[in-house]
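# need coordinates for the following:
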Amino acid sequence: MTSSVNQKSPAGFPAGLFSFLLSPLLLFISSNALAQPNDIVRAHEAIEYAGDYAMVCGVIASADYLSSSRSGPTHLNFDKPYPDHEFSAVLFKKNRKNFKIKPETLTGYKACVYGKVKVYKGKAQIELVKENQLSVRPPK
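As a prediction, this is how the structure comes out:
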């Protein structure tokens, strides 16, 4: 019969110390488990991830570059065209230099975007700053 005082964890620490050290790690992992980079969120579900980082995927139903606006946004509206969309990726004029492609030409493409989901006028959106946040596949 062994005493629990002398039991060792797999790492060689006393059992109580091992549990103490492992608990914060498990808490950190579980608190960040909502939307990991490899989780795919559908456009209509994106609003549920507001405040979190997520990869949102769908079909770009409409794409508009408002070049005459001071901030010059390009809106990529997923699954439904504006104004019926539930999610959009937005690229501001100041960041267009970071993109080789013209995002406003992507209507009909399947796409995934990664970033922090925010809510603007009741709709979910991710701001695109770098080209590696956007992955596209042309329509068939």
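
# identify the bridge partners of the residue nearest the centre of the chain.
The centroid of the chain falls nearest to residue 54 when counting by Cα atoms, centre = their mean (2.1 Å). Counting by DSSP bridges, residue 54 is bridged to residue 115.

# which residues are in contact with it?
Listed by Cβ atoms under 8 Å, 6 or more residues apart in numbering, the contact partners of residue 54 are 35, 39, 41, 46, 114-115, 117, 126. C-betas here are computed from N, CA, C, even on glycine.

# inside strands: which ones of these?
Under the assignment DSSP state E, the contacts of residue 54 contribute 41, 114-115, 126 to strands.

# of all the residues you listed, which two lie farthest apart?
Taking Cβ to Cβ as the measure, the ones in strands among the contacts of residue 54 span a maximum distance of 11.4 Å, between 41 and 115.

# which of these two has more neighbours?
residue 41 (22 against 18; other Cβ atoms under 10 Å).

# from residue 121, how far off is the more buried one?
In this view, residue 41 and residue 121 are 20 Å apart by Cβ to Cβ, to the nearest Å.
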